[in-house]
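Peer 1: sharing a model prediction with you, sequence too.
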Amino acid sequence: MDELLESVVRGLGRGSVYALLALGFVIIFKATRVISFAQPAFMLAGAVMVTYLVGPLGFWGALAAATVLTGLLALGVERTAVRPMVGRPAFVVAIITLGVDIAVRVIVNAYIGNDVRQVGDPWGLSRVELAGLIIEKRDVARIVTAAVLVAALFAYFRFTRMGLAMRAASYDQEAAMAQGVSVGGVFAVSWAMAGGLAAVAGTFVAVGENVDGLMWTIALVALPVIILGGLDSPAGAVLGGVIVGVLQELVAGYQSHFPWLGGNISVITPYVVMLIVLLVKPYGLFGTREVERV
């Protein structure tokens, strides 16, 4: 039983990272109705920034600075590459974001160089005993950080003027504009938020690990997460991230009991979940069902 619960806690830590990445996808989609494929590049860029800043600023200072800088990077991308495409088909804009992702990763890889870089681990891979369970402190940090950010975001959407504007624009952009909402400002804030969330997620992925040019592939797991939770549901993104993270850890921990499945079955678990959800509930657990009349 202890082994099971420890796997669940590790899954919550992993799922917290997925939730932050998925939230970035959802925030942009709700604002623009476009899936941004630039999130993996922002995740890698944020982690690489932390590797350069962690020395002079410490871990938390470097994380804060990298979050702001990556948010500004995402804002710059929105202003220069995405804003001119407003009014074009969503597919065209999505392809533009894919090109942005490749371009940003090429530039970031130049700062990684031929070797890997280190974010470091302020907890030194240390563990803590909680209710008889042995838990890594970095998993606790991931869970707590994600919980604080998610709570802050939901409070922002609920109680601030810009948050209300973002919610209004996500329902009907034309009606929001008629009420004086700056839809362009909503787009900009959405991209900046998504970039900052990607930087935080990338940093916590890299804690205690190496930062290399392939780290961005972890962000692809956010796609099954948002399919599971619903493309336009922030709450679904959080719940979907937790579910996928826990399932991955459980499968990784118990796959030895099912040798006929082969090795590393946990790697494809998110995509198996995605296929099942698409077959059973295409709009996800909390996604808005769209009905078109002809």
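Peer 2: In hand now; what should we look at?
Peer 1: rest of the way, CA atoms for contacts and neighbours
Peer 2: OK.
Peer 1: quick one: average pLDDT of stretch 36-54?
Peer 2: Mean pLDDT, stretch 36-54: 94.
Peer 1: chain center to that stretch, what's the gap?
Peer 2: Here stretch 36-54 is found 12 Å from its chain centre; the criterion is C-alpha atoms, centre = their mean, to the nearest Å.
Peer 1: check stretch 80-87 too.
Peer 2: Offset of stretch 80-87 from its chain centre (C-alpha atoms, centre = their mean): 23 Å.
Peer 1: just stretch 265-285 next, same as before
Peer 2: Computed by C-alpha atoms, centre = their mean, the chain-centroid distance of stretch 265-285 equals 17 Å.
Peer 1: go on, stretch 233-251?
Peer 2: For stretch 233-251, the distance to the chain centre is 12 Å (C-alpha atoms, centre = their mean).
Peer 1: cool, stretch 52-65 as well?
Peer 2: With C-alpha atoms, centre = their mean as the basis, stretch 52-65 stands 20 Å off its chain's centre.
Peer 1: I'd like to know how far Phe157 sits from His257.
Peer 2: With distances taken as C-alpha to C-alpha, to the nearest Å, Phe157 is found 45 Å from His257.
Peer 1: could you measure from Val221 over to Phe25?
Peer 2: Distance from Val221 to Phe25, by C-alpha to C-alpha: 12 Å.
Peer 1: one more: Leu75?
Peer 2: Separation of Leu75 from Phe25 (C-alpha to C-alpha) stands at 15 Å.
Peer 1: with Ala38 instead?
Peer 2: In this view, Ala38 and Phe25 are 9 Å apart by C-alpha to C-alpha.
Peer 1: more neighbours: these two, which one.
Peer 2: Neighbour comparison, Ala38 and Phe25: the larger count goes to Phe25, with 30 against 27 (by other C-alpha atoms under 10 Å).
Peer 1: got a list of what Leu73 touches?
Peer 2: Leu73 makes contact with 192, 195, according to C-alpha atoms under 8 Å, 6 or more residues apart in numbering.
Peer 1: please give the element, helix or strand, for it.
Peer 2: helix 39-77 (DSSP states H and E).
Peer 1: only alpha carbons, please: show stretch 250-261 as PDB.
Peer 2: Coordinates of each C-alpha in stretch 250-261 appear next as PDB, following Å, rounded to 0.1, in the frame of the first residue of the first chain:
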ATOM      1  CA  LEU A 250       1.200   3.800 -11.700                       C
ATOM      2  CA  VAL A 251       1.900   2.100 -15.000                       C
ATOM      3  CA  ALA A 252       5.700   2.700 -14.600                       C
ATOM      4  CA  GLY A 253       5.600   1.200 -11.100                       C
ATOM      5  CA  TYR A 254       3.500  -1.800 -11.900                       C
ATOM      6  CA  GLN A 255       4.400  -2.600 -15.600                       C
ATOM      7  CA  SER A 256       6.800  -5.400 -14.400                       C
ATOM      8  CA  HIS A 257       3.600  -7.300 -13.400                       C
ATOM      9  CA  PHE A 258       2.500  -7.300 -17.100                       C
ATOM     10  CA  PRO A 259       5.600  -8.200 -19.100                       C
ATOM     11  CA  TRP A 260       3.500  -9.000 -22.200                       C
ATOM     12  CA  LEU A 261       3.000  -5.200 -22.600                       C
END
